[in-house]
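Engineer: I need the structure of the sequence given here:
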Amino acid sequence: RALPQSKETLLQSYNKRLKDDVKSIMDNFTEIIKTAKFLILNDFPSVNEAIDQRNQQLRALREECDRKLVALRDEVSIDLYELEEEYYSSSSSLCEANDLPLCEAYWRLDLDTDSADGLSVPLPASPEPSAGPLQAAAPAHSHAGGPGPTEHA
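Structural biologist: Prediction:
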């Protein structure tokens with residue numbers, strides 16, 4: 001059907017205005033999104049609050065891990081003491097007189113492997129049997145520099 005010229009021009013005018021309005025709406029929406037991104041990224045109070053909350057969560061987790069590690073250390077220390085006590089009290093008939101506590105036996109083993117390097121440290125005499133497993137004489141070297149001998153011959 002053929003529309004009268006005035007209606008056709010009116011329809012073209014409406015289509016042009018519609019396209020312009022849609023383009024304007026899209027431009028405005030794009031600017032709103034850009035502004036929203038700027039506000040979200042630079043909303044320092046909320047970002048700082050989120051960081052503080054995460055820090056609190058991580059501190060709580062660290063404290064819980066520390067408590068568990070301390071409890072585990074205490075439990076292992078007690079068990080080790082009991083095992084050493086049992087070892088030295090029950091196997092005294094099987095042990096030789098020159099048996100060393102576990103820590104000294106470890107250091108002697110370590111010294112035997114280091115003796116090829118020219119390192120030597122005199123070991124103290126064997127502890128008295130009544131001294132107890134944790135009261136044995138300490139090795140002549142200090143643990144301040146880490147494990148192993150610290151004195152050179």
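
Engineer: this protein: strands as residue ranges?
Structural biologist: Assigned by DSSP state E, the chain shows no strands.

Engineer: low-confidence stretches in it?
Structural biologist: Residues of the chain that meet the criterion pLDDT under 70 lie in 1-4, 40-42, 91-153.

Engineer: the longest helix in it is where?
Structural biologist: helix 44-90 (DSSP state H).

Engineer: does anything pack onto it? Which helices or strands?
Structural biologist: For helix 44-90, there is no helix or strand it packs on, judged by 3 or more Cβ pairs under 8 Å, 6 or more residues apart in numbering; DSSP states H and E. Bear in mind the C-beta positions are built from the backbone N, C-alpha and C, glycine included.

Engineer: try 10 Å this time
Structural biologist: helix 5-41, helix 102-114 (3 or more Cβ pairs under 10 Å, 6 or more residues apart in numbering; DSSP states H and E).

Engineer: distance-wise, check Ile33 relative to Asp27.
Structural biologist: 11 Å (Cβ to Cβ, to the nearest Å).

Engineer: do Lys34 as well
Structural biologist: 11 Å.

Engineer: what's the answer for Arg62, then?
Structural biologist: Arg62 is 50 Å from Asp27, by Cβ to Cβ.

Engineer: one more: Val76?
Structural biologist: Counting by Cβ to Cβ, the gap from Val76 to Asp27 is 69 Å.

Engineer: ok, now Arg54?
Structural biologist: Counting by Cβ to Cβ, the gap from Arg54 to Asp27 is 38 Å.

Engineer: Glu49 and Leu58, how far apart?
Structural biologist: On the measure of Cβ to Cβ, Glu49 and Leu58 end up 15 Å apart.

Engineer: oh, that last question was meant for Lys23, not what I typed.
Structural biologist: 49 Å.

Engineer: for Leu80, same thing?
Structural biologist: Counting by Cβ to Cβ - Leu80 and Leu58 are separated by 32 Å.

Engineer: over to Glu8?
Structural biologist: 70 Å.

Engineer: cool, Ser13 as well?
Structural biologist: For Ser13 relative to Leu58 (Cβ to Cβ), the value is 64 Å.

Engineer: go on, Ser46?
Structural biologist: 19 Å.
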